[in-house]
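>>> just a sequence and a predicted model for now, questions to come.
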Amino acid sequence: MTVMNRKTLRRVAALATLASAAVLSGVALAGPHGHGGHGGHERGRMGMGMGMSERMLDAVEATPEQRTQIQQITQAARTDMQAQREASQGLREQMRSLFTQPTVDANAVEALRQQMLAQHDQASQRMTQVMLEVSRVLTPAQREKIAERMQQRSKHWQERREARQPGAAAQSGAPKR
């Protein structure tokens, strides 16, 4: 197996893992982390559906009816995405198994990679469906507020990433933490 193939395979496996983790951490209206994410922060990665937290709904002044509808949408998605997560976990286990064989079968790895991509695509389609369903519940003004908050959060996290990169503080003039 070439270096490029191993890198590609690692990226696909990482994407599948991240997709599964992201979906499960943000599916519920107020998931296991309280307000829709680690430490109570809304994350832009989940858009207007899967990671819709109570704080986000408060910020857009969602009505009780809207909250109920969004909760129903996300609850249905939670069930669907749990099945997706289990399928993804099975594929990752198969991939690990392939790499522990005395001789790695490149054709089997490629076939499994294709399955992982198809599974990721299904999860992405489901998340998009949830976003569309939630967008029908919210008003255009509410969606605009959410987009603004997501942009602010994205900017905040980008600044934090840059501050943590070696040499970033010297380049930007910001003090290192």
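Thanks, I have it.

>>> can you map out the helices along the protein?
3-26, 54-59, 64-99, 106-137, 140-164, 168-172 (DSSP state H).

>>> where in this protein is pLDDT low?
Regions of the chain meeting the criterion pLDDT under 70 cover residues 1-52, 167-177.

>>> in a markdown table: the helices of the chain, plus mean neighbour count.
(Each C-beta comes from the backbone N, C-alpha and C, glycine too.) Rendered in a markdown table, the data for the helices of the chain read as follows (neighbours: other C-beta atoms under 10 Å):
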| stretch | mean neighbour count |
| --- | --- |
| helix 3-26 | 16 |
| helix 54-59 | 17 |
| helix 64-99 | 16 |
| helix 106-137 | 16 |
| helix 140-164 | 13 |
| helix 168-172 | 12 |
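
>>> gap between the closest residue to L91 other than its chain neighbours and T79?
The shortest distance from L91 to any non-neighbouring residue, by C-beta to C-beta, 6 or more residues apart in numbering, is to M116 (5.1 Å). M116 sits 22 Å away from T79, going by C-beta to C-beta, to the nearest Å.

>>> check E159 too.
Distance of E159 to T79, given as C-beta to C-beta: 36 Å.

>>> put the alpha carbons of stretch 115-130 into PDB.
Provided in PDB are the C-alpha atoms of stretch 115-130 (Å, rounded to 0.1, in the frame of the first residue of the first chain):
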ATOM      1  CA  GLN A 115     -18.800   1.600   2.300                       C
ATOM      2  CA  MET A 116     -17.500   4.200   4.800                       C
ATOM      3  CA  LEU A 117     -18.000   7.000   2.300                       C
ATOM      4  CA  ALA A 118     -21.500   5.800   1.500                       C
ATOM      5  CA  GLN A 119     -22.400   5.700   5.200                       C
ATOM      6  CA  HIS A 120     -21.000   9.200   5.700                       C
ATOM      7  CA  ASP A 121     -23.000  10.400   2.800                       C
ATOM      8  CA  GLN A 122     -26.200   8.900   4.300                       C
ATOM      9  CA  ALA A 123     -25.400  10.600   7.600                       C
ATOM     10  CA  SER A 124     -24.800  13.900   5.800                       C
ATOM     11  CA  GLN A 125     -28.100  13.600   3.900                       C
ATOM     12  CA  ARG A 126     -30.000  13.000   7.200                       C
ATOM     13  CA  MET A 127     -28.400  16.000   8.800                       C
ATOM     14  CA  THR A 128     -29.300  18.100   5.800                       C
ATOM     15  CA  GLN A 129     -32.800  16.900   6.000                       C
ATOM     16  CA  VAL A 130     -33.000  17.900   9.700                       C
END
